[in-house]
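1. Make a model of this:
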Amino acid sequence: MPNWNQARVELKGSEFASLGRLIKERAGIDLKPGKETLVQARLARRLRALELGSFAEYLDVLNGEGDGAELTLLLDAITTNVTSFFRQPRHFTYLREEFLAEVKACAKGRLRIWSAACSTGEEPYSIGIHLREGLSDLDQWNVRILATDLSTEALATAQAGVYPLARLDDVPAEFKRRYFSSVGRIGGAAGDGGSVCVAPAVQSLVTFARLNLMESWPMAGPFDAIFCRNVWRVVEKCRPRSPVGRGDHRCHGCGRAEGWRSARARQ
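-> This is a model prediction of the structure:
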């Protein structure tokens, strides 16, 4: 048995290539060359937890499991969640200035929006804030924002709705006042600037769920809008043979909403 206090298991080139093929096939994520050292460091904890002496053994575990539990832990370890509130401002400008006007003109009282790769939750909460701002009678509507992601760790943060105060640096002051409240310091750490919680009026609009877009989609749809820019960038090469390619059949907006999803999200 390896001495885990001293052992440093090397990720060989062939093993990295095998991991890359497995991850792309099962999750649609392209593991590019040059990431060997990063992947080795991030997966070292998984090898220690499983008491494995090589990445070849780890690949055997991944290929032999039936429930995908270890794959989930692998993806949590290697994925980097880079996001922020109101990221891609032009998307939210369109949402506010054009899409919501079309939604109100439809007057159907029902609205479904999907954030297909929500990461730690900033995107769906940003959508919720704009809905609160743009639809004065929102509480009379049947509204649901579905927010999905591959990472269980990211989803845990999203569901909590608690963020470092610094994460709101680019959020307009009026939004900070209306839609966030202070909850003190994160973990009690001195000098961390404190933390804030998303208001219940926004959190109540969002439902979070784990979803691997390379597998079957359990939701029936249709959606009025789908935020999916990051998803297209990650799995574009796999799209012809994946459920992602069926995205156009999942979006039934009014006016130009559907065109916005398909044209703008792929830019």
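2. Might you list the low-confidence residue ranges for the chain?
-> Residues of the chain meeting the criterion pLDDT under 70: 1-7, 67, 107, 184-193, 221, 230-267.
3. where exactly do the helices run in it?
-> 13-27, 36-50, 55-64, 69-78, 89-94, 100-106, 122-134, 152-160, 173-179, 200-203, 229-235, 257-259 (DSSP state H).
4. Which residue ranges make up each domain of this protein?
-> Listed by automatic domain parsing, the domain ranges of the chain are 13-78, 89-264.
5. Distance-wise, check S18 relative to V202.
-> 43 Å (CB to CB, to the nearest Å). For glycine as for every other residue, the C-beta is placed from the backbone atoms N, C-alpha and C.
6. Out of those two, name the residue with the larger neighbour count.
-> V202 (23 against 17; other CB atoms under 10 Å).
7. Any idea how many residues pack against L135?
-> Under the criterion other CB under 10 Å, the count of neighbours that L135 has is 16.
8. separation between it and N142?
-> 12 Å.
9. same check, this time on E133
-> Counting by CB to CB - E133 and N142 are separated by 19 Å.
10. Mind checking which of those two has more residues around it?
-> E133 (15 against 9).
11. Hmm, R96 and that one touching each other?
-> Yes - here E133 reaches R96: they are 7.2 Å apart, a contact under CB atoms under 8 Å.
12. tell me the most buried of the helices of the chain?
-> helix 122-134 (a mean of 23; mean count of other CB atoms under 10 Å).
13. between that one and helix 152-160, how many degrees?
-> 20 degrees (axes from the mean of the first three to the mean of the last three CA atoms, to 10 degrees).
14. if I look at the residue lying closest to W141 once chain neighbours are set aside, how far off is D137?
-> Taking CB to CB, 6 or more residues apart in numbering, and ignoring the residues beside it in sequence, W141 has G109 as its nearest neighbour in space, at 5.3 Å. Per CB to CB, G109 is found 9 Å from D137.
15. The two: which is more packed in?
-> Per other CB under 10 Å, whichever of G109 and D137 has more neighbours is G109, with 11 against 8.
16. got the phi/psi numbers for the more buried one?
-> phi 70, psi 10 (degrees, to the nearest 10).
17. Okay, buried residues for whichever strand in the chain runs longest please.
-> Ranked by number of residues, the top strand in the chain under DSSP state E is strand 142-149. By 16 or more other CB atoms under 10 Å, the buried positions in strand 142-149 come out as V143, I145, L146, A147, T148, D149.
18. for stretch 105-120, same thing?
-> For stretch 105-120, by 16+ other CB under 10 Å, it's L111, R112, I113, W114, S115, A116, A117, C118, S119, T120.
19. Correct me if wrong: the first one contacts D137.
-> No - between L111 and D137 there is no contact, the gap being 11.8 Å when judged by CB under 8 Å.
20. In this structure T157 contacts E122, no?
-> No - assessed by CB under 8 Å, T157 is found out of contact with E122, at 9.7 Å.
21. Now do the shared contacts for these two.
-> Residues touching both T157 and E122 (CB atoms under 8 Å, 6 or more residues apart in numbering): Y163.
22. Need the nearest residue in space to D149, chain neighbours excluded.
-> D149's closest residue in space is C118 (CB to CB, 6+ apart), at 5.0 Å.
23. what sits against A77?
-> A77 is in contact with R42, L43, R45, R46, counting by CB under 8 Å, 6+ apart.
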